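**Student:** quick one: sequence and predicted model below, then my questions.
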Amino acid sequence: MKPAILLLLLAAMLPSTSTRAGDWKPVEKVETYAISGRTAPELYASIGEKGPVIGKDSAGNERRVIAHTNFKLTWQRDYQPEGGACVLKTARPKLTLTYTLPKPATPMPAGLQKRWDSFAAGLAAHEKVHGAQIVDMVQKIEALSVGFTIADDPGCKKIRTELTARLAELSQAQRQASRDFDRVEFGPGGNLQRLVLAFVNGE
C-alpha cells in the first residue's frame, strides 16, 4: 500500500476533533460602566446609582448590582433517526460570557487607587465564579445531550421537547447555585461584604 493512501486511511479512522465532546472554550468579554467620585464612599455611591439593572423589586423600583455576569448560549445539534428512534449524535455549544464591572472615569490619588485595585480584583474574582458555574452547567448539558435517545420518534420531534424539559432542570440548578453563592458572599462575614467594607472604610 502506498504511504499516501495509508495516511488517508488512518486519518479517516481518527475521531474528528471538531465534534469531540468537551472540545470547546467559552468566549469571555469584559464590559465596564463609568462611575465617579473623589473618595471611596463617593465611588461606592456612584456604583449604587449606575450599576447594572437586573430587574425590579416588589415596589417596581430598579434593582441594581455592583457587578454582573451574563451569558449567551447557542447550540449546534445533530439529530439522527435510527430504527424508529431519534438520537442526538452531537451537541456543540457556543458560549459567550460577559462580565460587567465598574470603572472609575477619572484618575485617582495613589492611596485610593490601591484600595480600588484590591476592590476591583475581588469583584472580578467573584464574577469569575459565576462564570465557572455557567460553564459547569453547559458541560452538564453537553454530557446529558450527546447520545440522548427517544424511542418511536422517527421525525425527531419528541426528543426536542423532552430535551428542553431536562435542560430546564439544569438551568434552574445553576440559577439556584448562583443565588446561594451570592447569599454567602454578601452575608455576614462573607467575602464581598468584607471587600466592600475594606474599600469604603479603609479597613
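**Tutor:** Now that the structure is in, tell me what you want to look at.
**Student:** quick one: the helices in the protein?
**Tutor:** 3-13, 40-50, 110-145, 158-186, 191-201 (DSSP state H).
**Student:** residue 88: which of those helices is closest?
**Tutor:** Minimum separation from residue 88 across those (C-beta to C-beta) falls at helix 110-145, 5.4 Å. Using the backbone N, CA and C atoms, a C-beta is placed for each residue, glycine as well.
**Student:** how close does residue 147 get to residue 82?
**Tutor:** Residue 147 sits 11 Å away from residue 82, going by C-beta to C-beta, to the nearest Å.
**Student:** the bottom helix or strand of this protein by mean pLDDT?
**Tutor:** helix 3-13 (a mean of 35; mean pLDDT, DSSP states H and E).
**Student:** would you confirm that residue 93 contacts residue 77?
**Tutor:** No. Residue 93 lies out of contact with residue 77 (C-beta atoms under 8 Å); the separation is 9.7 Å.
**Student:** list the contacts of residue 181.
**Tutor:** 129, 130, 133 (C-beta atoms under 8 Å, 6 or more residues apart in numbering).
**Student:** residue 113: which of these is nearest?
**Tutor:** The closest of the contacts of residue 181, once distances to residue 113 are taken by C-beta to C-beta, is residue 129, at 25.2 Å.
**Student:** what distance do you get for that closest one to residue 177?
**Tutor:** Distance from residue 129 to residue 177, by C-beta to C-beta: 10 Å.
**Student:** longest single strand anywhere in this protein?
**Tutor:** With secondary structure taken from DSSP state E, the chain has its longest strand at strand 85-104.
**Student:** for it, which strands pair with it and how are they oriented?
**Tutor:** Paired strands of strand 85-104, with direction, are strand 27-35 (parallel), strand 68-82 (antiparallel), strand 149-150 (antiparallel) (DSSP bridges).
**Student:** so that strand versus helix 40-50, what angle?
**Tutor:** Angle of strand 85-104 versus helix 40-50, following axes from the mean of the first three to the mean of the last three C-alpha atoms, to 10 degrees, is 140 degrees.
**Student:** send me strand 85-104 as PDB with only the CA atoms.
**Tutor:** C-alpha atoms of strand 85-104 as PDB (Å, rounded to 0.1, in the frame of the first residue of the first chain):
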ATOM      1  CA  ALA A  85     -35.900   6.200  17.400                       C
ATOM      2  CA  CYS A  86     -34.200   9.600  17.400                       C
ATOM      3  CA  VAL A  87     -30.600  10.000  18.700                       C
ATOM      4  CA  LEU A  88     -28.800  13.200  19.400                       C
ATOM      5  CA  LYS A  89     -25.400  12.400  17.900                       C
ATOM      6  CA  THR A  90     -23.600  15.600  18.700                       C
ATOM      7  CA  ALA A  91     -24.300  18.800  20.600                       C
ATOM      8  CA  ARG A  92     -21.700  21.500  20.400                       C
ATOM      9  CA  PRO A  93     -22.100  24.700  22.400                       C
ATOM     10  CA  LYS A  94     -21.100  28.300  21.700                       C
ATOM     11  CA  LEU A  95     -20.900  30.100  25.000                       C
ATOM     12  CA  THR A  96     -20.200  33.800  25.400                       C
ATOM     13  CA  LEU A  97     -19.700  35.100  29.000                       C
ATOM     14  CA  THR A  98     -19.900  38.800  29.600                       C
ATOM     15  CA  TYR A  99     -18.700  40.300  32.900                       C
ATOM     16  CA  THR A 100     -20.000  43.800  33.700                       C
ATOM     17  CA  LEU A 101     -17.800  45.700  36.200                       C
ATOM     18  CA  PRO A 102     -17.400  49.300  37.500                       C
ATOM     19  CA  LYS A 103     -14.600  51.500  36.300                       C
ATOM     20  CA  PRO A 104     -13.700  55.000  37.600                       C
END
